[in-house]
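1. Whatever this is, show me its structure:
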Amino acid sequence: MFYKFAAVLTTLLAIYVYRSGRAFFHHVFTVPDLPKGYFVGGDYRNHCVVIKDKKDNRLNHCEHMLFWDHLDEEDHVTNRFILLSCDPGRREWNTVMGPMYDPDPFGQLWIYSTETGSLSPVSLANYPEGHDFHPVGFDVYPSKAGAPSNLFLVNHARENSTIEQFVLDPAQPTVATHVRTLTSSYFVAPNSVSLSSPTSFYLTNDHLMTYRLPRPFGSILSTIETIGGPPLTWVAHVTVLPDGSIEHKFAALGIAFANGVALSRDGLRLAVASSSMAKVHFYKRDPSTDDLTPDRDVIVPFGPDNVMYDDDDTLIVAGHPHFPSFVAVVENKPGAKVPSWAVSIRPFAANEDGESEGQKNSHSKKTGYDSRAPLSASAIAPASSTDEVETIFQSDGSVYGTATTGLIDSRTGAFYLTGLYEDGVLVCYPEPRSI
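-> Numbers count the residues shown, from 1 in each chain. This next block holds a predicted model:
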């Protein structure tokens, strides 16, 4: 009996090491030797600045951000804003990593103009009285020719997590009007949203065993799931019907800690961050059915948080290189700081023979890449045969830590980065600034 048990245990351990050993070694046991700061566009000391709320200091603990584009009749961008979801009370209320002490303080949406640099809080109109507001992932549809935009947002409220629907009017961009609250037993641990139409979206659920379980099971089991990386989470597709009911279907199963999700500009590819496995899953999408087919995986040198496509359908990925440091900040340990890392993922172009540059390098066993960064991604993550991975920003936490979402505005070349436990938003410009 003992030998059978030992054989089963050894087999399970071997499977775990095969699946998760690399991520566990690099992102739990190993502290990365990152620089104080690095920006691919130039010296971070005169290219990067942190934008803050100087009046009330509420632009902090920001989880997600995205572009809200205003388009003309020909779909040309006439104005571009950045919307941000922030929660100054995150240190007291975090349903993903804990703790869950005080859900009373409200989170905050912000709007930033890329044209003028103005920053304003977004007020919530018609929001239900007594309903918590702890915004996490969200998405907004572009406004065309002045038409209002639908916004869907994950809300980690005290009783259960919900999806909130708002309307944003370009005529009043600092007001989000609440439409309805969506609830479902399928929303076990909703995290990130990516719209496939004005009234439908892909939604990640990041845990099966959540922090909301009774103590001590919630904290223990969710941590085991986070570190162990069992493939227990999923991506769903949700359609909101005119009466407010929803149609829900599972789109992708068997993901370890499904976190950020992003639909490509052409609508044909979906990217999903697997935080526990330190990789990004890519799926092919059928626009007529919203069904997903696995395409490829790309390993990144950190636990990816959110993923965002830029105007050229290059994927921007930001995340956390060292899990214990992240936990130390969550637990408010004195002097703790969390490294940040952001990369771009761009498919290799095929040559005349139909072979990608990545395949050619793979055949010749050239594994070095990302050569400009002080700590190359190649030191941690094996080279991809399908995609080029390049560091945009990295820091040991001294300049900016707890990176969650990265954006690149291809019109200006500016790079934006949010930090889950940071004060303000990092902006790096392609040209030196007077800072």
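2. which SS state does the residue most central in space within the chain fall under?
-> Here the mean C-alpha position of the chain is nearest to the C-alpha of residue 306 (Cα atoms, centre = their mean), at a distance of 1.2 Å. With DSSP: H, G, I helix; E, B strand; the rest coil as the basis, the three-state label of residue 306 is strand.
3. Then residue 324?
-> helix.
4. could you measure the residue nearest to the centre of the chain against residue 94, distance?
-> Per Cβ to Cβ, to the nearest Å, residue 306 is found 16 Å from residue 94. In short, each C-beta sits where N, CA and C put it, glycine included.
5. re the thing from before, the residue nearest to the centre of the chain: what's its closest spatial neighbour, skipping adjacent residues?
-> Counting by Cβ to Cβ, 6 or more residues apart in numbering, residue 306 lies nearest to residue 260, which is 3.4 Å off, once chain neighbours are set aside.
6. try residue 224
-> residue 209 is the one closest to residue 224 (Cβ to Cβ, 6+ apart), at 7.4 Å.
7. How far does stretch 384-393 sit from its chain's centre?
-> Remark: stretch 384-393 is offset 17 Å from the chain centroid, using Cα atoms, centre = their mean, to the nearest Å.
8. repeat for stretch 144-157
-> The answer for stretch 144-157 is 18 Å, by Cα atoms, centre = their mean.
9. Would you mind measuring the gap between the ends of that stretch?
-> End-to-end distance for stretch 144-157: 32 Å, by Cα to Cα, to the nearest Å.
10. Check the average confidence over it, would you?
-> In this model, stretch 144-157 has an average pLDDT of 98.
11. Buried residues, it. List them.
-> 148-157 (16 or more other Cβ atoms under 10 Å).
12. So, low pLDDT: which residues of the stretch 251-400 of the chain?
-> 350-367 (pLDDT under 70).
13. So which residues of it form helices?
-> 323-330, 357-363 (DSSP state H, counting those that start in this stretch).
14. Equivalent analysis for the stretch 1-150 of the chain, please.
-> Under the criterion DSSP H, counting those that start in this stretch, the stretch 1-150 of the chain contains helices at 2-24, 44-47.
15. tell me which residues of the last one are tucked away?
-> Within helix 44-47, the residues that qualify as buried are 44, 47, counting by 16+ other Cβ under 10 Å.
16. And stretch 136-143, by the same measure?
-> Applying 16+ other Cβ under 10 Å to stretch 136-143 flags 136-143 as buried.
17. Over to stretch 309-321?
-> 309-310, 314-321.
18. And those residues, which is closest to residue 343?
-> Of all the buried residues of stretch 309-321, residue 343 sits closest to residue 317, with 5.4 Å by Cβ to Cβ.
19. Hmm, the closest one is touching residue 406, no?
-> Yes. The pair residue 317 / residue 406 is scored as a contact, 7.0 Å apart, by Cβ atoms under 8 Å.
20. if we can go back for a sec, in terms of mean pLDDT, which of the helices of the stretch 1-150 of the chain ranks lowest?
-> helix 2-24 (a mean of 54).
21. hmm, back to that, looking at the buried residues of stretch 144-157, spot the one nearest residue 280.
-> For the buried residues of stretch 144-157, the nearest to residue 280 is residue 154 (19.7 Å; Cβ to Cβ).
22. ok but the closest one is inside a strand, no?
-> Yes. Counting by three-state DSSP, residue 154 is found in a strand.
23. is it in a bridge, and if so with what?
-> Counting by DSSP bridges, residue 154 is bridged to residue 163.
24. How much space separates residue 121 from residue 139?
-> 20 Å.
25. same check, this time on residue 193
-> 5 Å.
26. Between these two, which contacts overlap?
-> 152, 201 (Cβ atoms under 8 Å, 6 or more residues apart in numbering).
27. Go ahead and confirm residue 195 touches residue 237.
-> No. With contact defined as Cβ under 8 Å, residue 195 does not count as touching residue 237 (10.9 Å).
28. shared neighbours of the two, anything?
-> Common neighbours of residue 195 and residue 237 (Cβ under 8 Å, 6+ apart) are residue 201.
29. Residue 84: which of the buried residues of stretch 136-143 is nearest?
-> Using Cβ to Cβ, the buried residues of stretch 136-143 come closest to residue 84 at residue 138, 9.5 Å.
30. Contacts only, for the closest residue to the closest one other than its chain neighbours.
-> Nearest non-adjacent residue to residue 138, counting by Cβ to Cβ, 6+ apart: residue 153, 3.7 Å away. Going by Cβ under 8 Å, 6+ apart, residue 153 touches 85, 135-138, 163-166, 193.
31. Residue 208 too?
-> Here residue 208 is in contact with 188-189, 225, 232-233 (Cβ under 8 Å, 6+ apart).
32. mind running it again at 7 Å?
-> Residue 208 sits next to 188, 225, 232-233 when contact means Cβ atoms under 7 Å, 6 or more residues apart in numbering.
33. out of those residues, which are inside helices?
-> Using DSSP state H, residue 225 are the members of the contacts of residue 208 that sit in helices.
34. count of residues packed around residue 125?
-> Residue 125 sits with 12 neighbouring residues when counted by other Cβ atoms under 10 Å.
35. Report how many residues lie close to the closest residue to it other than its chain neighbours.
-> Excluding the flanking residues, the one nearest residue 125 by Cβ to Cβ, 6+ apart is residue 177, at 4.5 Å. Using other Cβ under 10 Å, residue 177 has 17 other residues around it.
36. pretty sure residue 177 is touching residue 166, no?
-> Yes. With contact defined as Cβ atoms under 7 Å, residue 177 reaches residue 166; the gap is 6.1 Å.
37. Mind listing residues that contact stretch 237-246?
-> 165, 180, 182, 184, 199-203, 247-249, 251, 290.
38. can you do 10 Å?
-> 150, 152, 163, 165, 179-184, 186-187, 190, 193-194, 196-203, 236, 247-252, 270, 285, 289-292 (Cβ atoms under 10 Å, 6 or more residues apart in numbering).
39. So which of the residues you listed belong to strands?
-> 150, 152, 163, 165, 179-182, 190, 193-194, 196-197, 200-203, 236, 247-252, 270, 285, 291-292 (DSSP state E).
40. Against residue 171, how distant is residue 79?
-> 12 Å.
41. Looking at the two, which is more packed in?
-> More neighbours surround residue 79 than the other of residue 79 and residue 171, with 16 against 9 (other Cβ under 10 Å).
42. Could you find the closest non-adjacent residue to the more buried one?
-> In space, residue 79 is closest to residue 70, 4.1 Å off (Cβ to Cβ, 6+ apart).
43. One more: residue 170?
-> For residue 170, the closest residue by Cβ to Cβ, 6+ apart turns out to be residue 143, at 4.9 Å.
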